[in-house]
Structure formats: structure tokens, C-alpha cells
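In: this one's structure only:
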């Protein structure tokens, strides 16, 4: 495809000034992108790699029932991935280091007339915690293949570290952005650059937690915009003052209940109960048991179940209420949770553009 693949204009014109905005995830998609796990060393060995691959395959097969899906994979593995996934799923030869397409993949923005571009968030391996020579180029390489313009945001971060309602409001944890491992800038400057890059008008910040996990507490593991004016957040039954995750989660919830969005509305904050750690299948210390790390595709919500039957069923019921008319598909993704993420982390949507 032909197109303008330049970065931000020489005069500093931003995506927001040109009328681009990151759409809400539940708006129609052209396709989903995912990344094939290709390096055993990242996961601890061949057995662990195969376990992660099996779950990536199950997520891809679930999504492709509802919309087209492209798997990104090293050129040397394309044939094997095609054979593994079947003919319904496209495989593009784009080199990757890891599976987290939400963070390394392209963050799309759309103009009022339906034109698409990519906001480059300059992925640096979550603050140089992991090698990222290939992943740091994924967004640009996908944009080039699609013939899309790339706007350099001027900040370093990840797609999983920012939430949008698609109507001008952004939500993030400071720990993932106002952090010297990514940005040596003032919070106000980071906010301005994110608003310019994603077409936002108002930013809601919560502190988050630095250094406790590889992402510095991505917001998409805790709270998600369902639609303008509504956000869902996962919380334990009560706050544990000795647990920094618990303290931060309740702090974020309190901030959300007081916040107003870009339209001046108070937010409807819906609580998703978290699973009981004693009842889930995994015993991994780093296991991510986030129901809100779901993915909304055309006609469906792809979510996780963790083995706590009561909490799993409650999460499915709540997702059906929040997304009426969509099928809720729940998957066992335990090896991905043990690798530090979830379904949303492993996916990236390309919103539908102009017809």
C-alpha cells in the first residue's frame, strides 16, 4: 500500500492538531495483531515456550472467529506458525522479541474522516528490563507495511500503560510513565505529549507502583474504560495495608470515583471482584490474575478464567452486562499469566478506517 510513512511534521504538528484520536477498543476493527512467542530463553526453556505458544494459539483461534487476525513472527518461523495456526490467520514476517503486542505493536489513531496513523510510543523493554532490538521496531514496521504515517509521541512507554475512552479522556498510572527508566521529563510534559499523541483532552493519573513488576503496574491490568463515562476496576474484597498492590488498587479506585472525564462527567466506576488467590490454578508468585485484562473484538469479549469457579462465573456475567450483544469467551491462559500478562497485553487492535 502506498502512503505517507513520515514521522511528526517538521513544524511539530501533532496527531491531535490534525484531528486524530485513538478510538475506544469496542469500536469496529479491521483486524487484530498478535506476536508469536519465538525465544525460549525469555520464558525459561522449551517447555515453558511451548506452553505459552499453546495459549497464544488459543487466543488467536478465539479472536479469528469474529475478525481477521495477523500474527507477527520472525521470517524463519513463518511457515511453522502458518502450519500451527491454520489458513484463517495471516502471518507477517516481522521480527519480534516477545509476545506482548499491546506494548510493542502499533497504537493506532484515526482522523475524523477515517484516516489511520500510528502513534509511536517508543517501546524500550519496560524501562530497559528486557532486550527489545526487534520489538522496538515492530510499530514502525507494521505502519510501513500498511502504508500509514507515524507520529512520534516524544515519550517512551507502552500501549498497556494507557487507557482511553475514545472521547478525549486518558487514564494511566504515573509509575509506568513518570519514571526515569522511560522518561526524564516532568509529569505535565509527559501528559501533554500523551494527549497530543492520542488525541486526548483530559488525563486522569493515579500513582501506581514502581518496580514491583516488569511493567511498573500497567493500568490495563487494573482498570479499563468500557465506554465514555464508565470504567471497570478489579479489586480485592478489602484493602490490605501491607500489600502495595492492594493499596495502589484502592487508591486508583478512589481517584476514579472523584474524577471527571473530558466531557465534565463523573465516572460510573464498576467493581470487578478479583479471584481468590487460594482457589486459582497457578501458584506462581508473579501470576497476573486480571479479569479486566480482556480484549474487545468485533462481536465478542475474549477474557480469562483462572480456576476460581465462583469468581470466574461472576466475571463472565459482569462482562456480559458491560458489553451487551457480545459473546463472552473465557480462556485458560495460565502460562501467559505466569509470564506476566494477559489477553489484552497479547493483542492490539487496528480500528476500522474509511471505507
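Out: Structure received. As the structure is a computational prediction, the values presented were derived from the model and not from experiment.
In: Every contact and neighbour count from this point should use C-alpha atoms.
Out: Will do.
In: low-confidence ranges in the protein?
Out: Scanning the chain for pLDDT under 70 picks out 1-12, 355.
In: Please enumerate the helices of it.
Out: For the chain, the helices defined by DSSP state H occupy 40-43, 46-63, 78-85, 101-104, 125-128, 135-146, 187-198, 244-258, 309-322, 334-338.
In: Export those helices as TSV, with columns for mean neighbour count.
Out: Converted to TSV, those look like this (neighbours: other Cα atoms under 10 Å):
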stretch	mean neighbour count
helix 40-43	15
helix 46-63	19
helix 78-85	15
helix 101-104	29
helix 125-128	19
helix 135-146	21
helix 187-198	21
helix 244-258	17
helix 309-322	17
helix 334-338	23
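In: Present the ones you listed as a markdown table; the columns should include distance to residue 209.
Out: Shown next, in a markdown table, are the helices of the chain (distance: least, Cα to Cα, whole Å):
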| stretch | distance to residue 209 |
| --- | --- |
| helix 40-43 | 23 |
| helix 46-63 | 26 |
| helix 78-85 | 37 |
| helix 101-104 | 18 |
| helix 125-128 | 14 |
| helix 135-146 | 24 |
| helix 187-198 | 16 |
| helix 244-258 | 7 |
| helix 309-322 | 25 |
| helix 334-338 | 19 |
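In: Tell me which of those sits nearest to residue 19.
Out: Closest to residue 19 of the helices of the chain, according to Cα to Cα: helix 187-198, at 9.9 Å.
In: In terms of secondary structure, what does the closest one contact?
Out: Helices and strands touching helix 187-198, by 3 or more Cα pairs under 8 Å, 6 or more residues apart in numbering; DSSP states H and E, are strand 202-206.
In: again, 7 Å this time
Out: On a contact count with 3 or more Cα pairs under 7 Å, 6 or more residues apart in numbering; DSSP states H and E, helix 187-198 meets no helix or strand.
In: How far away from the center of its chain is that helix?
Out: On the basis of Cα atoms, centre = their mean, to the nearest Å, helix 187-198 sits 18 Å off its chain's mean C-alpha point.
In: Same question for stretch 277-294.
Out: 18 Å.
In: Any idea how far apart the tips of that stretch sit?
Out: Start and end residues of stretch 277-294 are separated by 19 Å (Cα to Cα, to the nearest Å).
In: Run through who's touching it.
Out: With contacts defined as Cα atoms under 7 Å, 6 or more residues apart in numbering, stretch 277-294 is touched by 220-224, 234, 301-304, 306-308, 315, 334, 337-338, 340-344.
In: can you do 8 Å?
Out: 213, 220-224, 232-234, 272, 274-275, 301-308, 315, 334, 337-345 (Cα atoms under 8 Å, 6 or more residues apart in numbering).
In: Buried among the residues you listed? Need that as a selection in ChimeraX.
Out: Buried residues within the contacts of stretch 277-294, by 16 or more other Cα atoms under 10 Å, are selected in ChimeraX with:
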select :220,221,222,223,224,232,233,234,272,274,275,301,302,303,304,305,306,307,308,315,334,337,338,339,340,341,342,343,344,345
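In: So which of the contacts of stretch 277-294 sit within strands?
Out: Counting by DSSP state E, these place 223-224, 232-234, 272, 301-304 in strands.
In: could you dump those to CSV with distance to residue 183?
Out: Listed next are the ones in strands among the contacts of stretch 277-294 as CSV, based on distance: Cα to Cα, whole Å:
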residue, distance to residue 183
223, 23
224, 24
232, 28
233, 26
234, 28
272, 32
301, 33
302, 32
303, 32
304, 32
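In: shouldn't residue 99 be in contact with residue 346?
Out: Yes: using Cα atoms under 8 Å, residue 99 is in contact with residue 346, at 6.1 Å.
In: Name the residues contacting each of those two.
Out: Residues touching both residue 99 and residue 346 by Cα under 8 Å, 6+ apart: 34-35.
In: Need the distance between the two termini of stretch 166-182.
Out: Taking Cα to Cα, stretch 166-182 runs 25 Å from one end to the other.
In: Same check on stretch 119-126?
Out: The straight-line separation of the ends of stretch 119-126 (Cα to Cα) is 17 Å.
In: ditto for stretch 187-207
Out: Note: stretch 187-207 ends 11 Å apart using Cα to Cα.
In: cool, stretch 172-182 as well?
Out: Taking Cα to Cα, stretch 172-182 runs 14 Å from one end to the other.
In: Stretch 28-47 too?
Out: End to end - Cα to Cα - stretch 28-47 spans 37 Å.
In: Could you list the buried residues of it?
Out: By 16+ other Cα under 10 Å, the buried positions in stretch 28-47 come out as 28-29, 31-38, 42-43.
In: Include distance to residue 104 when you put those residues into CSV, please.
Out: Output for those, formatted as CSV (distance: Cα to Cα, whole Å):
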residue, distance to residue 104
28, 22
29, 19
31, 17
32, 14
33, 11
34, 10
35, 9
36, 12
37, 13
38, 15
42, 15
43, 17
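In: is it true that residue 218 touches residue 176?
Out: Yes: judged on Cα under 8 Å, residue 218 makes contact with residue 176 at a distance of 6.3 Å.
In: Between these two, which contacts overlap?
Out: With Cα under 8 Å, 6+ apart, residue 218 and residue 176 have common neighbours residue 161.
In: Give me the more crowded residue out of those two.
Out: residue 176 (30 against 26; other Cα atoms under 10 Å).
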